[in-house]
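Enquirer: missing the sequence, but the structure's below:
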Ligand code: HEC
């Protein structure tokens with residue numbers, strides 16, 4: 001092999017290696033959000049969180065076990081457009097207390113132990129909640145006295161199983 005041919009070989013090898021490295025970088029950028037944000041500071045969507053229980057998933061996402069959105073009536077318009085669930089109004093800790101956009105009532109504390117307390121909100125006339133009346137509040141929007149809750153609280157079409165799962169989750173909030 002002449003000297004010239006040797007150089008051609010070295011250069012083409014070098015070019016090949018460069019392409020290989022660039023290619024790997026590119027694939028790395030495409031598949032790895034961490035790498036992408038580290039380099040470009042692009043906002044990347046949060047990694048899908050694994051939910052420990054079905055109740056937790058419903059509380060945070062409003063999505064059923066098949067990934068379908070649980071249907072509801074009432075509630076503000078943005079809930080239909082942007083999605084959301086109990087967490088959007090009652091907060092990640094279930095304590096509510098903050099007004100919501102286009103809402104006409106401040107979402108209350110819905111931690112289980114709070115709902116079943118004798119006096120759960122000042123000035124409220126109704127008896128404490130039970131498992132059955134909590135489920136009824138979620139599906140029909142009625143308080144224990146049978147009076148309608150404010151329109152801001154959606155009425156969810158949930159199965160008995162979903163309601164039980166959700167109740168189990170409300171019990172874990174303290
Ligand atoms: C768009 C906001 C919104 C969403 C979403 C929402 N709620 Fe509510 N919720 C409210 C408001 C506001 C009230 C208070 C209504 C009233 O006092 O008349 C309420 C009331 C309740 C009550 C009755 C509490 C009481 O003290 O009488 C329960 C139980 C409840 N929500 C559970 C849930 C659960 C479970 C979810 C999710 C499946 C959920 N809510 C989703 C806004 C919301």
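Expert: Perfect, I can see it now. Keep in mind that this is a model prediction, so the values were computed, not measured.

Enquirer: Up against the ligand, what does the chain have?
Expert: Contact residues, the chain versus the ligand (Cβ under 6 Å from any ligand atom): 75-76, 79, 84-86, 88-90, 100, 103, 105, 107-108, 110, 121, 134, 137-138, 143, 149-150, 152-154, 156, 166. In this view, the C-beta of every residue, glycine as well, is placed from N, C-alpha and C.

Enquirer: Past the lowest-mean-pLDDT helix or strand in the chain, which element shows up next along the chain?
Expert: Least confident helix or strand, the chain: helix 33-40 with a mean of 59, by mean pLDDT, DSSP states H and E. Next in sequence after helix 33-40, counting helices and strands by DSSP states H and E, comes helix 54-61.

Enquirer: Going along the chain from that next one, find the next helix or strand for me.
Expert: Scanning onward from helix 54-61 (DSSP H and E), the first element met is strand 72-73.

Enquirer: Counting by contacts, list what that following strand packs against.
Expert: Applying 3 or more Cβ pairs under 8 Å, 6 or more residues apart in numbering; DSSP states H and E, one finds that strand 72-73 contacts strand 155-156.
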